[in-house]
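*Asks:* Just to be clear, the model below is a prediction. Sequence and coordinates:
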Amino acid sequence: MYTLKIKYIRIGINTLIAKMSVNKKLLQPMGFLHGGATIALAESVGSALSVINVNKDNSNVFNIEISANHIKNVKNGILFAKAKIVHKGKTIHFLKINIYNEHKDIISFCKMTNIIIPKKKYEIYRNKHH
């Protein structure tokens, strides 16, 4: 979050919007925004939205799948990510995240699946494997 300078600008129960400025550190060698930076923005917003929708005292949220279709390339400006929960189950959240620029042009379409794991089960798993 700090490295990419992602800032949340609108928080709701089923939607979350964040913004990120495109700078030289986020460009790939050809001078365009690196797809990994776009994915990191999408995952940050999608994970945060799932966290908002669970009891943080009892559950951990982990991303188990994310994919993106990059539609338009970017060299500078501000990107916005709007995450929306499509399915909110007890153990799985399915989200769609649209990445767009300040002109509301779509840059990438992303989809993401988060798993919700009770903290007791996670602690037992972590202790066995560490």
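*Replies:* Yep, it's here.

*Asks:* wouldn't Ile64 be in contact with Asn114 here?
*Replies:* Yes - counting by C-beta atoms under 8 Å, Ile64 touches Asn114, with 6.8 Å between them. For glycine as for every other residue, the C-beta is placed from the backbone atoms N, C-alpha and C.

*Asks:* neighbouring strands for whichever strand or helix holds Ala83, and are they parallel or not?
*Replies:* Following DSSP states H and E, one finds Ala83 within strand 77-88. As defined by DSSP bridges, the strand partners of strand 77-88 come to strand 15-22 (antiparallel), strand 92-101 (antiparallel).

*Asks:* In CSV, list the ones you listed along with mean neighbour count and mean pLDDT.
*Replies:* Formatted as CSV, the strands paired with strand 77-88 follow (neighbours: other C-beta atoms under 10 Å; pLDDT from 0 to 100):
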stretch, mean neighbour count, mean pLDDT
strand 15-22, 20, 97
strand 92-101, 20, 98
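
*Asks:* Present these as CSV; the columns should include distance to Leu4.
*Replies:* Below are the strands paired with strand 77-88 laid out as CSV (distance: least, C-beta to C-beta, whole Å):
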stretch, distance to Leu4
strand 15-22, 6
strand 92-101, 13
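
*Asks:* do you know which of those strands lies nearest Asp57?
*Replies:* Proximity to Asp57 (C-beta to C-beta) singles out strand 92-101 among those, at 17.7 Å.

*Asks:* moving C-terminal of the closest one, what's the next helix or strand?
*Replies:* strand 106-118.
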